[in-house]
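Peer 1: sequence and predicted model, in that order:
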Amino acid sequence: MNSSTPNNINAAIKQANRRERALNILKEGYKFEDMGEGVIAVTKPGTTAAAYWLNMITPGCDCPDAMKGNNCKHEIAWEILQDEAKMWDAACAEYDARIEADDVPYLYAEH
Ligand SMILES: [Zn+2]
């Protein structure tokens, strides 16, 4: 997984396009399942068998785009999901800390 910073405008556009496609497959309902050992099964909507496999250790994906050496939409989609999970973890940790500090004034606002 190398989401390296693009070093020219063409690379930047390509990366932006892949991010767009990654967001699209997430919207379409692609499933990403962590199988352990750094392996992620990528399943297309309406199917049960994994279409592609991401490997976080090698790292890479076995789709045609990744085979060409690209940071494919599946890898980017997984990164987006991980970032979202981290954001949720951070938000939940902050919320827990606030509950402990008795500092949650607006959750149960009176009508
Ligand atoms: Zn891929």
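Peer 2: Yep, that arrived.

Peer 1: show me what counts as buried in the longest helix seen in the chain.
Peer 2: Scanning the chain for the longest helix, with DSSP state H as the assignment, gives helix 73-100. For helix 73-100, burial by neighbour count (16 or more other Cβ atoms under 10 Å) applies to 73-78, 81. All C-beta atoms are positioned from the backbone trio N, CA, C, and that covers glycine.

Peer 1: who's in contact with the one helix or strand Lys27 maps to?
Peer 2: Applying DSSP states H and E as the criterion places Lys27 in helix 9-28. Under the criterion Cβ atoms under 8 Å, 6 or more residues apart in numbering, residues 3, 6, 45, 70-74, 76-77, 79-81 lie in contact with helix 9-28.

Peer 1: which of those come close to the ion?
Peer 2: Under the cut-off given by Cβ under 5 Å from the ion, the ion has 72, 74 from the contacts of helix 9-28 close to it.

Peer 1: would you reformat the contacts of helix 9-28 as JSON lines and include pLDDT and distance to Ala16?
Peer 2: JSON lines is the format used below for these (pLDDT from 0 to 100; distance: Cβ to Cβ, whole Å):
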{"residue": "Ser3", "pLDDT": "53", "distance to Ala16": "12"}
{"residue": "Pro6", "pLDDT": "76", "distance to Ala16": "9"}
{"residue": "Pro45", "pLDDT": "95", "distance to Ala16": "24"}
{"residue": "Asn70", "pLDDT": "88", "distance to Ala16": "14"}
{"residue": "Asn71", "pLDDT": "89", "distance to Ala16": "12"}
{"residue": "Cys72", "pLDDT": "94", "distance to Ala16": "14"}
{"residue": "Lys73", "pLDDT": "96", "distance to Ala16": "12"}
{"residue": "His74", "pLDDT": "97", "distance to Ala16": "17"}
{"residue": "Ile76", "pLDDT": "95", "distance to Ala16": "11"}
{"residue": "Ala77", "pLDDT": "96", "distance to Ala16": "14"}
{"residue": "Glu79", "pLDDT": "94", "distance to Ala16": "14"}
{"residue": "Ile80", "pLDDT": "95", "distance to Ala16": "13"}
{"residue": "Leu81", "pLDDT": "95", "distance to Ala16": "19"}
